[in-house]
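Trainee: I would like the atomic coordinates for the input below:
(one chain, ligands or ions: 1)
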Amino acid sequence: MSNENVLAGKTALVTGSTHGIGLEIAKRLAECGCHIGLNGFAEADTVDQIVAEIQLSSPVNVRFCEMDLRDVDSIYLALEAFAGDFGTIDILVNNAGVQHVSRVEDFPNSKWDEVIAVNLSAVFHCSKAVIPAMIQNGWGRIINIASVHGLVGSVEKAAYIAAKHAVVGLTKVIALENARHGLTCNAICPGFTNTEMIRKQVQDRAAEEGRMTHEIELQMLSEKHPTGRFIEPDDIGALVAYLCSNEARGITGTTVAIDGGWTAR
Ligand code: NAD
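Mentor: Sure, this is the predicted structure:
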């Protein structure tokens, strides 16, 4: 059965889809015929523009699901209301993430809490909220956008790396608990991807070291990506669409690195 046939008419919620990787995932799933739930921080005008843009190229329904992933109660309320109005969530992409760069001894406690809440706890709460309906339907896909930092460490990213490693573990548990229910759960582990998150890190480092941003980019790529290129967000969208397809039904509980060769060394 083709990917389009399987995904047409399914409903996909992508957290953190107002820009970056999440937006490209939402666009790609819409192209596959999924109705889309968007989420993330953005002005109302920007959300309207994104909805219009997706609907111009794909004849699907698109709805904004307002929830701040730091607020546990808001997650359950928003997802219940969303499913009530818009339909059961068949595909959940836990994509939203935040970063803070600092050595452990300087790491602000509030930043630790925020990074763990958005990058880890929200993955648990969103998954917990959608799994019962997926089991009932006998079909579901949960895709966690972890990171290469769910597989390896680096300096000055303690909360992010702790959260992403934990997401990889949580992915395995959800996969095992639901292996007989037609529900797969996998984690995608991107390397440096061309989005605001990475551009901010490049700019901060350039300002700190008094260097040009393109020098920092070249250094990051030569240190970590044997391919010498950043990952593009729509490449991750394509990978998500594949993991949602029927052909990928045997792939569960695993990590798929899209990291320019970073973890091959
Ligand atoms: P981004 O900063 O461009 O987008 C993050 C999204 O998350 C935005 O839509 C933002 O509004 C949303 N968000 C942040 N806090 C939120 C909250 N409390 N509640 C709801 N939404 C919230 O980031 P990105 O680069 O597109 O990253 C997406 C995912 O990919 C993240 O999980 C990130 O850790 C992961 N990732 C990114 C890279 C990279 O190099 N960019 C590499 C590996 C993994």
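Trainee: buried set for the helix ranked longest in the chain?
Mentor: For the chain, the helix reaching the highest residue count under DSSP state H is reported as helix 158-177. Judged by neighbour count (16 or more other C-beta atoms under 10 Å), helix 158-177 contains these buried residues: 158-168, 170-172, 174-175. For every residue, glycine as well, the C-beta is placed using N, CA and C.
Trainee: can you get me a residue count around the residue of the stretch 51-200 of the chain found nearest the ligand?
Mentor: Closest residue of the stretch 51-200 of the chain to the ligand, C-beta to the nearest ligand atom: Gly97 (2.3 Å). By other C-beta atoms under 10 Å, the residues close to Gly97 number 25.
Trainee: correct me, but it touches Ile198?
Mentor: No - counting by C-beta atoms under 8 Å, Gly97 stays clear of Ile198, with 11.5 Å between them.
Trainee: doesn't His181 fall inside a strand?
Mentor: No - judged by DSSP: H, G, I helix; E, B strand; the rest coil, His181 forms no part of a strand; its state is coil.
Trainee: mind listing what Lys224 touches?
Mentor: Neighbouring residues of Lys224 by C-beta atoms under 8 Å, 6 or more residues apart in numbering: 191-192, 260, 262.
Trainee: now, among those residues, which is nearest to Arg205?
Mentor: Phe192 (12.2 Å; C-beta to C-beta).
Trainee: name the nearest residue to the residue of the stretch 51-200 of the chain closest to the ligand, ignoring sequence neighbours.
Mentor: Closest residue to Gly97 apart from its sequence neighbours, by C-beta to C-beta, 6 or more residues apart in numbering: Asn119 at 4.9 Å.
Trainee: wait, the one you found touches Val167, no?
Mentor: Yes - taking contacts as C-beta under 8 Å, Asn119 lies within contact range of Val167: 7.0 Å.
Trainee: re the thing from before, same list (the contacts of Lys224) but as a markdown table, adding secondary structure.
Mentor: As requested, the contacts of Lys224 are exported to a markdown table (three-state DSSP):
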| residue | secondary structure |
| --- | --- |
| Gly191 | coil |
| Phe192 | coil |
| Gly260 | coil |
| Trp262 | helix |
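Trainee: dihedrals phi and psi, Tyr76?
Mentor: Dihedral pair for Tyr76: phi -70, psi -40, per degrees, to the nearest 10.
Trainee: next, count neighbours for the residue nearest to Ala122 when sequence neighbours are not counted.
Mentor: Residue nearest to Ala122 in three dimensions, not counting chain neighbours: Leu69, with 3.8 Å by C-beta to C-beta, 6+ apart. Per other C-beta under 10 Å, the neighbour tally for Leu69 reads 26.
Trainee: restrict the contacts of Lys224 to those near the ligand?
Mentor: Under the cut-off given by C-beta under 6 Å from any ligand atom, the ligand has Phe192 from these close to it.
Trainee: can I get the contacts of Lys224 in CSV with pLDDT and neighbour count?
Mentor: Shown next, in CSV, are the contacts of Lys224 (pLDDT from 0 to 100; neighbours: other C-beta atoms under 10 Å):
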residue, pLDDT, neighbour count
Gly191, 98, 23
Phe192, 97, 23
Gly260, 98, 21
Trp262, 98, 22
